[in-house]
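S.K.: just to be clear, the model below is a prediction. Sequence and coordinates:
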Amino acid sequence: MALLEISGLELAMRSYAGETRVLNGIDLAIDRGEVWGVVGETGSGKSLTGLSVSRLVPCPPGRYLGGSIRFDGFDVLSASPAQMRQLRGTKIGMIFQDPTTNLNPAFRIGEQLQDVALRAGVIAPEILGLEAGASRRARRHAARALALAMLDKVGIPDPASRIDDYPHQFSGGMRQRVLIAMALIGRPELLIADEPTTALDVSVQAQILRLLYGLVRERNLAVMFITHNLGVVAQICSYVAVMYGGRILETGPVRQIFKQPQHRYTRALLAAVPRRDTKRGELAGIAGSLMAAGSGPC
Amino acid sequence: MTASTQTGLTLSSRAENRRRVLHYFLRNRLAVLGLALVVALLFVALAGSSLAPYHDHIAGKVNAGMRLKPPSAAHVFGTNEVGQDVLTLVLAGARISLLAGIAVVFFGALVGTAIGAIAGYLGGWIDEVLMRFTDLMLALPSLILAMAVAAALGPSLVNMIFAIAMSWWPGYARLVRGEVLSKKEEMFVVAARAIGAGGPRILVRHVLPNVVSPIAVKMSLDIGFAILTVASLGFIGIGVRPPTPEWGLMLSIARVNMPDAWWTAIFPGLAIFTAVFAFNLLGDGLRDALDPQGRR
Amino acid sequence: MLRYSLRRIILLVPILIGLSMLVFAIARLLPGDPIGLAAGPHATAADLARMRQEFGFDKPLPLQYWDYAMGLLRGDWGMSLYSRRPVWQDLAAYFPATLELVITAMLLAIAIGVPAGIAAAVWQDGWPDYVSRVVSLAGISAPRFFLGLVLQLLVAVRLDLLPLSGRFPLIEMPPAKVTGLLTIDSMLAGDLRALGVSLQHLVLPAFAMALSPMATLMRIMRSSIIETLRQDYVLTERALGLSEQLILWKYVLKNALSATLTTIGLYIGWLLGGTVLVETVFDWPGIGLYATNAIIAQDFMPIIGVTLSIGVVFVVSSLLVDLAYGALNPRVRYE
């Protein structure tokens, strides 16, 4: 049984225009060590899929119509909030797109890291390297040491002097590293990354991807890498799921999908990526406008 | 991008925007109540004297024999210290209060917009000077200033409106300056300049129309407080003189007869409260409808 | 943080100068003849000329301002034509009363408004939220002079629970004057009876003043928290397992407090300007009444004195708010 199993997931969202189906039967299985790229355009439902795994979709306005999500056998959709909180940070880690808005501007990064570590330490004390009955002070010391270690691991230079800095004192790439540290400090088994490099400069993108790749290999993580960028998928992922209109159109190993795409849409997606030998005026688009959620796909 | 804001991409047109705003507004029961009350108040203000049971009391006719009678069938709100029907006076007062309140906001917005637009558009030292001036004006107690100006000009409704408007404009100046500054750099201004349109023309024909929305919202939110300020000045006794049936003035005259003839004070007071409350409900609902993010 | 604070404090000087100039200009530009009013209808031309010279009205305007500014620095705030006393003396007599009223009102407003706002945000869209929104809107809309009147009628007259008006009854012995605020002075003197009496008199007028800022604070707190809860970093904090309690009370509150703080600072200035309404109803001997009498008599120096002193308090409280804002929101310090 895979670490993460999503089957037949259906989600609807309510807006002023009424209720619309945003996920139309998602089937996905991710196991340890597998890096899955979930690709699709804006509005395809990929972010919502990622958020669903941690039950972070607010309901209302969301409503799950059917299907299931199982993490390590555990049924996520029928879990209580307390149970979900046990999973988040310790078993499931998440990184989001914009490093500028995802760090609390009023608090030092060290403190934010420590709080996550402390919380994780309550559930799994071995993270902090302490026994269950350790004192508050000991836990806090351990959390801080762990935060320093993580900052070093994600490549922040001179972590000891930077740990007490505020988020705005870091560059975009640095902030994303901090967020990666925060996501992994609790030693999760599954990492969900929602467009983690999209808001970064191209040069920084490569660094972050390399960092992620190294960490993933080292900890044998299961990864759901959500993106619209096929180039990124090619670099870091081992499997791909192509999404459109709330459905998964095609899945398979990266090599295979890229070489022999089965679905028309996947082919168009691949064709749209400009290559080195693409001449001027040769950019291929995909006909039609971005599909609004719920207006029915092919 | 968070799940709560992203359900799918929808491209909406102006008409769709209007429909959406209307939808949010109508869904908000408080806003609809506010709208209903405001419409009712406007109706009373405009129809005023014809609704009142004792028209001649408005002009100042007294009835000494009926002074300070409690509410009854003949006088639903009772009578005041000179025998006039309180209900009549309260209804007549609606016209004064609403008119004055709207006028205050209108003129305050006019002056403030002019100053703010000039400051924002011209920039440089003009902007500095005007904004420093505005900030200093904001630091001063507006009620006392309005009182001083109104008293110096002499007791009349027009003077009172002018005096209060003079303390109202800084808020609009700040708002408009901010909006103009942000719009100044936008594409359509650059484009207009490129085809040779001159400075003031750009300001008036292109920038200002886009600034109307936040000004309108602020105006609707301000009317309630403007009415409150008018009543406050009336209560202190600066601006209008008896026998003008201004609610604040009526309240201040009624104090003498407290606590026995409570109806002479309670009804005008409730009238002030109702008017201010109604406009605040409306303004609030309008603001929420235009910015639905604030609701959920 | 230090540099940020120093910069702000140094800026005070030109602001205060500008303030004094503006107030002086407005007062002098107002139409009317204060000398004529003060002298009375039977004054001769000679009397008027003499009064004009006595009060410095015969000098050119900039010189008058200079005299005034120098006087301010010396502690001489001019003479009141009406009371024939130095304005400074009048202000010292009346300002503490108003200050006590305003401070009490703000404390009341914060004590009730802030928790109510947090509660409304946490139980958003439930019926407490709905009710609180109506109540707060009503609170803002209620004219405070009317509210004062109603409180008098209900609490003081009908229920006879609290005194009707005034600040301190003549038959009682007030505490020794240290700050001018009766509550503080009573506590300093250890006089519990005086403290009780002064508090009793303070309740109704303070409440009448407090309702509006209380309601506003509640709404701002509520919308501030709701706004902050929608931020991306809250989602990240949730996603990484932090409890809702921790998120709200530590991470959200700090961010949400900034807007509330600004409002508190602004309200202190507004309340000071608006006390006259409540002072009239409760016969509270504060600067509101003093200013009103001066305005009716077109007595310039007191008007300037009151306006300027309120302006100064406003500017100083804005400064304090700025400093507190810098403490709460580190980004601001580096601008």
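M.R.: Noted; the coordinates are in hand.
S.K.: is it correct that residue A:270 is in contact with residue A:231?
M.R.: No. In this structure residue A:270 lies outside contact range of residue A:231 using C-beta atoms under 8 Å: 10.9 Å. From N, CA and C alone the C-beta is placed, and that goes for glycine too.
S.K.: comparing those two, which residue is more hemmed in?
M.R.: residue A:270 (15 against 12; other C-beta atoms under 10 Å in any protein chain shown).
S.K.: read off the pLDDT value for the residue nearest to the more buried one when sequence neighbours are not counted.
M.R.: Spatial nearest neighbour of residue A:270, chain neighbours left out: residue A:261 (5.9 Å); criterion: C-beta to C-beta, 6 or more residues apart in numbering or on different chains. At residue A:261, the model reports a pLDDT of 83.
S.K.: and the pLDDT at the closest residue to chain C within the stretch 101-250 of chain A?
M.R.: Residue nearest to chain C within the stretch 101-250 of chain A: residue A:101 (4.0 Å; C-beta to the nearest C-beta). Per-residue confidence for residue A:101 comes out at a pLDDT of 91.
S.K.: all helices for the stretch 1-150 of chain B, in order.
M.R.: Secondary structure of the stretch 1-150 of chain B (DSSP state H, counting those that start in this stretch): helices at B:14-27, B:29-47, B:56-59, B:86-122, B:124-139, B:142-153.
S.K.: quick one: buried residues of stretch B:233-244?
M.R.: Neighbour-count burial for stretch B:233-244 flags B:233-240, B:243-244 (criterion: 16 or more other C-beta atoms under 10 Å in any protein chain shown).
S.K.: could you dump the helices of the stretch 1-150 of chain B into JSON lines and include distance to chain A and mean pLDDT?
M.R.: As requested, the helices of the stretch 1-150 of chain B are exported to JSON lines (distance: least, C-beta to the nearest C-beta, whole Å; pLDDT from 0 to 100):
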{"stretch": "helix B:14-27", "distance to chain A": "6", "mean pLDDT": "73"}
{"stretch": "helix B:29-47", "distance to chain A": "15", "mean pLDDT": "86"}
{"stretch": "helix B:56-59", "distance to chain A": "47", "mean pLDDT": "68"}
{"stretch": "helix B:86-122", "distance to chain A": "27", "mean pLDDT": "89"}
{"stretch": "helix B:124-139", "distance to chain A": "26", "mean pLDDT": "88"}
{"stretch": "helix B:142-153", "distance to chain A": "33", "mean pLDDT": "86"}
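S.K.: what would those helices look like in CSV with distance to residue B:264?
M.R.: CSV is the format used below for the helices of the stretch 1-150 of chain B (distance: least, C-beta to C-beta, whole Å):
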stretch, distance to residue B:264
helix B:14-27, 38
helix B:29-47, 20
helix B:56-59, 13
helix B:86-122, 6
helix B:124-139, 37
helix B:142-153, 24
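S.K.: how much space between residue C:275 and residue B:191?
M.R.: In this structure, residue C:275 and residue B:191 are 52 Å apart, going by C-beta to C-beta, to the nearest Å.
S.K.: between those two, point out the one with more neighbours.
M.R.: Using other C-beta under 10 Å as the criterion, residue C:275 and residue B:191 rank with residue C:275 on top: 29 against 12.
S.K.: how about the residue nearest to that one when sequence neighbours are not counted, secondary structure?
M.R.: The shortest distance from residue C:275 to any non-neighbouring residue, by C-beta to C-beta, 6+ apart, is to residue C:288 (4.1 Å). State at residue C:288, reduced to three classes by DSSP: H, G, I helix; E, B strand; the rest coil: helix.
S.K.: would you map the strands across the stretch 151-298 of chain A?
M.R.: A:190-194, A:222-227, A:239-244, A:247-253 (DSSP state E, counting those that start in this stretch).
S.K.: hmm, back to that, now mean neighbour count and distance to chain C too, for the helices of the stretch 1-150 of chain B, in a markdown table please.
M.R.: As requested, these are exported to a markdown table (neighbours: other C-beta atoms under 10 Å in any protein chain shown; distance: least, C-beta to the nearest C-beta, whole Å):
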| stretch | mean neighbour count | distance to chain C |
| --- | --- | --- |
| helix B:14-27 | 13 | 13 |
| helix B:29-47 | 16 | 7 |
| helix B:56-59 | 17 | 22 |
| helix B:86-122 | 22 | 11 |
| helix B:124-139 | 16 | 5 |
| helix B:142-153 | 24 | 4 |
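S.K.: stretch B:21-35: how far from the chain's middle?
M.R.: 19 Å (C-alpha atoms, centre = their mean, to the nearest Å).
S.K.: since that was my last question, I'll sign off now.
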